[in-house]
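Asker: Generate a structure from the sequence data that follows.
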Amino acid sequence: MIYLDTSALLALYREEPLTPAAERLLESADTAPSISTLVQVEAASVLARWLRTGEMSSQQTRAVEYALAADVEADEFQTISMPEACYWEARHWLTRQTTALRTLDALHLACATHHGLTLATGDRTLAAAADTLAVPCTWLQPV
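Answerer: Below you'll find the model as predicted:
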């Protein structure tokens, strides 16, 4: 079972180098992939950034927002919780200072671990941290 971080999720909603790998991952999955509410919040932030920087128009960002909301509503993704234990696990990994984990990435990793899921990410730094911490991870390499 797979947990999509924001990079993996958004690659499904706009054409980018990660899109083919993200689509192949979904096609091979036995069950609906999991996302957290953190992924949904972070996706909103990324879409706002893409709009501000001109990477996407307001019409394009709204289309992605609506498509993602419709897919969540249609149970294309299993939305999972981020219990308090995830925050403590993320804090533990960050205080070890053995990886280049960033705050939200540590939370994504902890959420996947807490729920016994394999993290899917397009972020090489996050994938390397997962490897260091012996957390199951699939790095979606760009084409």
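Asker: which residue ranges form the helices in the protein?
Answerer: 6-10, 19-28, 37-53, 58-73, 84-96, 103-114, 124-132 (DSSP state H).
Asker: Nearest to P142, out of the ones you listed?
Answerer: Closest to P142 of these, according to Cβ to Cβ: helix 19-28, at 7.4 Å. Every C-beta, even on glycine, is put in place using the N, C-alpha and C of the backbone.
Asker: centre of the chain versus that closest one, how much separation?
Answerer: Chain-centre distance of helix 19-28: 14 Å, with Cα atoms, centre = their mean, to the nearest Å.
Asker: pLDDT on that helix, on average?
Answerer: Taken as a whole, helix 19-28 has a mean pLDDT of 94.
Asker: got it, and stretch 50-58?
Answerer: The average pLDDT for stretch 50-58 rounds to 97.
Asker: again, but for stretch 76-84
Answerer: pLDDT averaged over stretch 76-84 gives 95.
Asker: and if you look at stretch 108-127?
Answerer: On average, stretch 108-127 scores 96.
Asker: tell me which residues of that stretch are tucked away?
Answerer: For stretch 108-127, a neighbour-count test (16 or more other Cβ atoms under 10 Å) marks 108-115, 117-123, 126-127 as buried.
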